[in-house]
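Participant: here are the coordinates; sequence isn't available:
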C-alpha cells in the first residue's frame, strides 16, 4: 500500500504545550506535505517540504524530513485550543497519498 | 477566486439508486482528485483526472463507480446501485499542476452520502 502511516493516532495535550506527530512512508517522493482537517470539513494545506530539504518553518509549525528513514515530523509549538483537528501527511508520487492521520486535542 | 466547490453537501439515497457527486475545481486547475473518507479514518484515494482524461483510477472499485471530468463543466463521481457500504464522505481536490510538480491540493468541503 502507498498510504503513509502516522503516529500517534491520537494525541491530547494542554494548551501551551508542543505537539509532535510523525509520518512514515514507503516510496521515493518529490515532496511531503501536511494538511489539517477540522471535524466534518475539507482538508487545508499547511506546509510543503521538498525532498531535498531537511527542515522548514511556518509560524508555529516546524516540519522535518528524513528521506533516508522515509519519515517526517510536524511540530506545533505553543498549542492553542483552536489547533484541535486531525492532521494528515501527504506525499506525492503519481498522485497525492495521504497518511492515516493524527487526531490532536488541545485542552484549554 | 472561489475554492473547490462540491455539491450537494449532503445526499441521501435509497439502496439501488444512483448517486451523482459534483466537483468544480478552482479556476485554472485542470487536475482533479476524488477521495473517500469513513468516520475516524484517513482519506482513501479513488481517482485522479486531468481534463477529459483519467490518469489513475487504481483506487476506484471496478463496478458501479465511474468518474469523468469533461472539457466543460464539473467533475462527476457517479455511483450506481448504491449499497449501505457506500455511505461515506467523498472529497474532491484540485491542483494547478500535477502531483509531481511540487504543488498543493485544494480541497472541497465534501459530500456526505448516506444510503438508507
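Facilitator: Received it, and whenever you're ready, just let me know what you need. All values reported here derive from a predicted model rather than from experimental measurement.
Participant: Within range of chain A, give me the residues from chain B.
Facilitator: For chain B, the residues in contact with chain A (CB under 8 Å from any CB of the partner chain) are B:4, B:33, B:35, B:40-43, B:45, B:48, B:55-56, B:89, B:91, B:93, B:99-102, B:104-110. For the C-beta atoms, the positions are set from N, CA and C on the backbone; glycine is no exception.
Participant: again, 6 Å this time
Facilitator: B:42-43, B:48, B:56, B:91, B:99-100, B:102, B:104-105, B:107-110 (CB under 6 Å from any CB of the partner chain).
Participant: contacting residues around whichever residue of chain A sits closest to chain B?
Facilitator: Residue nearest to chain B within chain A (CB to the nearest CB): residue A:42, separated by 3.6 Å. Residue A:42 makes contacts with B:91, B:107, B:108, B:109, B:110, as judged by CB atoms under 6 Å, 6 or more residues apart in numbering or on different chains.
Participant: Mind putting those into TSV with pLDDT, distance to residue B:62 and secondary structure?
Facilitator: TSV is the format used below for the contacts of residue A:42 (pLDDT from 0 to 100; distance: CB to CB, whole Å; DSSP: H, G, I helix; E, B strand; the rest coil):
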residue	pLDDT	distance to residue B:62	secondary structure
B:91	97	21	strand
B:107	96	26	strand
B:108	96	25	coil
B:109	95	28	coil
B:110	96	24	coil
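Participant: ok, so of those residues, who is nearest residue A:57?
Facilitator: residue B:107 (23.6 Å; CB to CB).
Participant: and that closest one, how many neighbours does it have?
Facilitator: 23 (other CB atoms under 10 Å in any protein chain shown).
Participant: how far away is it from residue B:95?
Facilitator: 10 Å (CB to CB, to the nearest Å).
Participant: Report the secondary structure state of residue A:69.
Facilitator: Three-state assignment for residue A:69 (DSSP: H, G, I helix; E, B strand; the rest coil): coil.
Participant: Quick check: nearest residue in space to it, chain neighbours excluded?
Facilitator: residue A:24 (7.8 Å; CB to CB, 6 or more residues apart in numbering or on different chains).
Participant: Isn't the one you found up against residue A:5?
Facilitator: Yes - with contacts counted by CB atoms under 6 Å, residue A:24 reaches residue A:5, the gap being 5.0 Å.
Participant: Number of residues surrounding the residue nearest to residue A:14 when sequence neighbours are not counted?
Facilitator: Sequence neighbours aside, residue A:107 is the residue nearest to residue A:14 in space, at 5.3 Å (criterion: CB to CB, 6+ apart). For residue A:107, the count of nearby residues is 11 (other CB under 10 Å).
Participant: Give me the pLDDT value at residue A:107.
Facilitator: Listed pLDDT for residue A:107 reads 96.
Participant: From the centroid of chain B, which residue is nearest?
Facilitator: residue B:34 (3.3 Å; CA atoms, centre = their mean).
Participant: Contacts only, for that one.
Facilitator: Residue B:34 is in contact with B:46, B:47, B:77, B:92, counting by CB under 6 Å, 6+ apart.
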